[in-house]
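Peer 1: here is my input; please provide its structure:
(2 chains)
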Amino acid sequence: MSQGVEVVGLYVRDQDEALAFYVEKLGFRVHTDVRNGDYRWLTVQHPDQPSFQLGLFTPGPPVLDAATAQAVRAVVAKGAMPPLVLTVDDCRAACDRMRERGVEFTQEPVDRYGTVDAGFRDPSGNGWKMIQARR
Amino acid sequence: MSGDPPSQDPELLRRLLRAKDRMDAASHEDWPVRRLARVSGVSEAHFARSFKQAFGVPPHRYLLTRRIERATALLRDTALPITEIAFQTGWESLGTFGRTFRDITGESPGTVRSRARTAMQQLDRVPACIVSAAHRPDLRTAVSEKRRREADDINAPETTKEIR
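Peer 2: Predicted coordinates for the structure are as follows:
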């Protein structure tokens, strides 16, 4: 096992909704889905990237108090979380496929000096850029 | 605390974000409150206040910052004539564009174009869409207010200035 970043978490408003979005609309796979009382550790993986997991976590007890959780939910819903970037081979094709599945696009594909990028959001408000690298 | 506004419902915020996203995606279009309110599924009466509470600026002012951001990117990244950039970014006249641009950035479009071209060469490792957002103008006051303040400064008695 090599060293490196293994899990990066996102805050989502509802884990079932997020799971459906990342798996059914984006094509990720579930890596871990474990519950302990109200707590649920849920991570998904890009099929081409087995060493990295994207965590889908809800802000709330026991990790966060109610007021902090509410503040975090507001920040996510305002789209104020840092940018996420998904690399794809063909941005326009991915965009068409995802749109058919009901993904909410915030930016149509744009060519920039040989790269193509588009923007979309998950249901919670997390913003993604989808970038096709220069060939 | 009595001074704090009540916290906003995350479901409402998510819908307000949709209106903000729509302005981002098409800042050259007209965005009257009625249209934005419809996107967010709230009443026109509540929209502007809710938007300002959520994002810190009124919706119209937000739209102006996005137009200027886009104009700045076009000045930097393309050789389009400034007139064409003005029309592409949603202004109906070159005069209004130039005035608003100067009010917000403090510089003329031509100045920004020449400086941006020399300064941007270090940023080619950051995704272009993110570079653009990082250069979004920070418009804290209404453009009309800024103009008024400058006019006041010009009209103020010149007691402290040297007369040459």
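
Peer 1: which stretches of the chain form helices?
Peer 2: Unless you meant another one, I'm taking chain A. Counting by DSSP state H, chain A has helices at residues A:15-20, A:66-77, A:91-100.

Peer 1: that's the wrong chain, I meant chain B
Peer 2: Counting by DSSP H, the helices of chain B are B:10-25, B:33-40, B:44-55, B:59-77, B:82-88, B:94-105, B:109-119, B:128-134, B:143-155.

Peer 1: where among these is average confidence lowest?
Peer 2: Of all the helices of chain B, mean pLDDT reaches its minimum on helix B:143-155 (a mean of 65).

Peer 1: and residue B:142, what's its pLDDT?
Peer 2: Looking at residue B:142, its pLDDT reads 72.

Peer 1: which residue lies nearest the spatial centre of chain B?
Peer 2: In chain B, the centroid-proximal residue (CA atoms, centre = their mean) is residue B:65; its distance is 1.0 Å.

Peer 1: for that one, what are its contacts?
Peer 2: The contact partners of residue B:65, taken as CB atoms under 8 Å, 6 or more residues apart in numbering or on different chains, are B:57, B:104, B:136-139. All C-beta atoms are positioned from the backbone trio N, CA, C, and that covers glycine.

Peer 1: again, but for residue A:92
Peer 2: Going by CB under 8 Å, 6+ apart, the list of residues near residue A:92 reads A:109, A:116, A:118, A:132.

Peer 1: ignoring the adjacent residues along the chain, who's closest to residue B:11?
Peer 2: Leaving aside its sequence neighbours, residue B:11 sits nearest to residue A:77 (CB to CB, 6 or more residues apart in numbering or on different chains; 7.3 Å).

Peer 1: oh, I was asking about residue B:58
Peer 2: residue B:52 (4.9 Å).

Peer 1: swap in residue A:41?
Peer 2: Among residues not flanking residue A:41 along the chain, residue A:34 sits closest, at 4.8 Å (CB to CB, 6+ apart).

Peer 1: the one you found reaches residue A:15, doesn't it?
Peer 2: No: if you go by CB atoms under 8 Å, residue A:34 and residue A:15 don't touch, sitting 11.7 Å apart.
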